[in-house]
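K.L.:
With the input below, show me the fold.
(one chain, ligands or ions: 2)
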Amino acid sequence: MTMLVMKFGGASLGTSAGLSQVLNVIADESANWEQLLVVVSALDGVTDMLLDAAHFARIDHPRGYRRIAANLRTRHLALIDQLPLDRPDRNTLQANIDQLISSLLDDCKLIAKNLNEELSPRHSDTVVAVGERLSALIIAALLRQNDIRAVAVDGTDVLITDDVHGNANPEIAATAQRVNAVVLPLLQRNMIPVVTGFIGATSGGATTTLGRGGTDYTASVISALLGAGELWVWADVDGMLSADPRRQRNARVIPRLSYSEAADLAYFGARILHARMIAPLAEAGLPLRIKNIFHPKRAGTLVAGKSGDRQPDIKAVTSIQGLSLRRPVSGSLAGVTRLVGNTLFKTLGMRSEVLIASQSSNSSFICLVIPTSIGIDGVDRLQRALEAKMAEYPEKMPWEIETVSLVTAVGGRLHRSPELLSRVLASLDGIELGGIALGASNCSVTVALAEEDSREALARIHDMIVKSGSNSA
Ligand code: ASP
Ligand code: MG
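P.N.:
Ligands and ions are numbered 1, 2, ... in the order given. Reported below is the predicted structural model:
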């Protein structure tokens, strides 16, 4: 076989037990594939800590960001203390970690000096990038110590993106050039590049990030550009599940998903994958596997192909936050959708489609999805920005803006099975629905409802999935 790309997330990397699994998996697969490339996230929780550090810097609170820097240093040093490293390697690694921590402090000081009202994502991007750099250095050193030729590669040298800081998109042609110049020579020399996920740079050299969970996206773009045979995403669960296992204890592994099903699952809230990572794989026809790092022999989930030739079925249910806008008059929606689109882009650097737009004789309703990649406070920030923007136009009939839950059932060929759709809706009997949308990809149906009803709605749809016995391989 040719080339395998493997992505390891924070949960696999955070403990020495996880790291030894990572090492085993890489050692095993390097015997099975001609070439191997690894993409890593920051350790669990590190990106959140770095964002907090940036916020402390923004309010000029040096004690706050220094404390975080010190914690991060201790945590990474404690981790390498537990690894079987030679003294010279350990010393070099420690020096490199110290260097990254001091660059973090410099970046925080810079933010504090340029105090402005909101923390700009441009500044926080330089701060959060440290997390992935720390983990790539550690993994590469661990591999080398175990006689596996590996070298840490900084994503900012490889992934060229637009300048949407905090939620950037790769520029494919420029990235392809960098992949050929920086990554390919390493592979040709039989080295394993350990690439930092999540981070990139504009063509002018400013550090960017691809949105929360963006390491998946780095891995998918690089896999597609290198023409890899497969991409494996290692997680701490057995694969893509029929529901969030923290909410539904009886959630089960989905053995197989089409690209569109996986993309809809991620788009509508399954945090295990970054929503934009599927498109490059689908285009290249590159299979994706999601596997459990603590049980590497288990099959996991395979994402490949179309769902076209199978019976319609429901495989999974997810939920995500959204915003709804409502007003008690009918009329053109063009103005408000433009206003929402512009505010969304200005606040979160995001272009998102309105998911549901509906009108009747005396009212209008629109509803949009807020992707998980923009982080937890995105919904609040957008709601505040929209309210402020609308207050500038008091002559227009005000829109009532509310957060809503969007619960989505995902499965193949739903548009061909009104009967199946009606069973999903029937399962929600008694719950008040704000809107319904059949996904344009034909493999999802979404209902908008009050947040307090989402748990119940999700549980009922999940019950239906479990009883129907779908997902049995
Ligand atoms: N470390 C980044 C985050 O926490 C990227 C990733 O985990 O994929 O969002
Ligand atoms: Mg993730």
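K.L.:
which bits of the stretch 201-350 of the chain sit near ligand 2?
P.N.:
Gly213 (C-beta under 5 Å from the ion). In short, each C-beta sits where N, CA and C put it, glycine included.
K.L.:
need the helices for the stretch 201-350 of the chain, in chain order.
P.N.:
Assigned by DSSP state H, counting those that start in this stretch, the helices in the stretch 201-350 of the chain fall at 215-226, 259-267, 278-284, 334-348.
K.L.:
Pull the contacting residues for Asp244.
P.N.:
Ala251, Ala270, Arg271, Thr318, Ser319 (C-beta atoms under 8 Å, 6 or more residues apart in numbering).
K.L.:
Including mean neighbour count, could the helices of the stretch 201-350 of the chain go into CSV?
P.N.:
Listed next are the helices of the stretch 201-350 of the chain as CSV, based on neighbours: other C-beta atoms under 10 Å:
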stretch, mean neighbour count
helix 215-226, 27
helix 259-267, 26
helix 278-284, 19
helix 334-348, 16
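K.L.:
now these in a markdown table, with mean pLDDT?
P.N.:
Below are the helices of the stretch 201-350 of the chain laid out as a markdown table (pLDDT from 0 to 100):
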| stretch | mean pLDDT |
| --- | --- |
| helix 215-226 | 98 |
| helix 259-267 | 95 |
| helix 278-284 | 97 |
| helix 334-348 | 85 |
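K.L.:
Just give the nearest non-adjacent residue to Ala457, would you?
P.N.:
The shortest distance from Ala457 to any non-neighbouring residue, by C-beta to C-beta, 6 or more residues apart in numbering, is to Val407 (4.7 Å).
K.L.:
quick one: which of the helices of the stretch 201-350 of the chain is nearest Gly166?
P.N.:
Gly166 lies closest to helix 334-348 among these, at 7.5 Å (C-beta to C-beta).
K.L.:
So which elements touch that closest one?
P.N.:
strand 354-360, strand 363-369, helix 378-391 (3 or more C-beta pairs under 8 Å, 6 or more residues apart in numbering; DSSP states H and E).
K.L.:
can you list the residues that contact the longest one?
P.N.:
Spelled out, that is helix 378-391. Counting by C-beta under 8 Å, 6+ apart, 321-323, 325, 339-340, 343-344, 346-348, 370-371, 396, 398-399, 401, 403 sit against helix 378-391.
K.L.:
Please apply the same query to stretch 49-60.
P.N.:
42, 62-65, 68-69, 71-72, 104, 107-112, 115-116, 118-119, 123-124, 127-128, 130-131, 375.
K.L.:
Mind doing that once more with 6 Å?
P.N.:
With C-beta atoms under 6 Å, 6 or more residues apart in numbering as the test, stretch 49-60 has contacts from Gly64, Tyr65, Ile68, Cys108, Ile111, Ala112, Leu119, Ser124, Val127, Val128, Gly131.
K.L.:
now that stretch: mean pLDDT?
P.N.:
Averaging pLDDT along stretch 49-60 yields 95.
K.L.:
and if you look at stretch 432-451?
P.N.:
93.
K.L.:
helix or strand right after the strand or helix carrying Ile401?
P.N.:
Ile401 belongs to strand 400-410 when assigned by DSSP states H and E. Counting by DSSP H and E, the next helix or strand C-terminal to strand 400-410 is helix 418-427.
K.L.:
which other helices and strands contact that next one?
P.N.:
helix 454-468 (3 or more C-beta pairs under 6 Å, 6 or more residues apart in numbering; DSSP states H and E).
K.L.:
Touching the helix it packs on from outside, list them.
P.N.:
Against helix 454-468 from outside (C-beta under 6 Å, 6+ apart): 242-243, 248, 250, 314, 317, 319, 405, 407, 409, 427-428, 431, 449.
K.L.:
Could I get the phi/psi values of whichever residue of the chain sits closest to ligand 2?
P.N.:
Residue of the chain nearest ligand 2, by C-beta to the ion: Gly213 (3.9 Å). The phi and psi values for Gly213, taken as degrees, to the nearest 10, are phi 80, psi 10.
K.L.:
before we move on, what about Arg75?
P.N.:
phi -60, psi -40.
K.L.:
Not counting sequence-adjacent ones, nearest residue to it?
P.N.:
Counting by C-beta to C-beta, 6+ apart, the residue nearest Arg75 is Leu43, at 7.2 Å.
K.L.:
Go ahead and confirm that neighbour touches Ala11.
P.N.:
No: look at Leu43 against Ala11 with C-beta atoms under 6 Å: they stay out of range, at 9.0 Å.
K.L.:
which one of these two has more residues nearby?
P.N.:
Legend: neighbour count by other C-beta atoms under 10 Å for Leu43 and Ala11, higher for Leu43 (26 against 18).
K.L.:
Show the subsequent helix or strand relative to the longest helix seen in the chain.
P.N.:
Taking DSSP state H as the criterion, the chain has its longest helix at helix 87-113. With elements assigned by DSSP H and E, the helix or strand that comes after helix 87-113 is helix 121-145.
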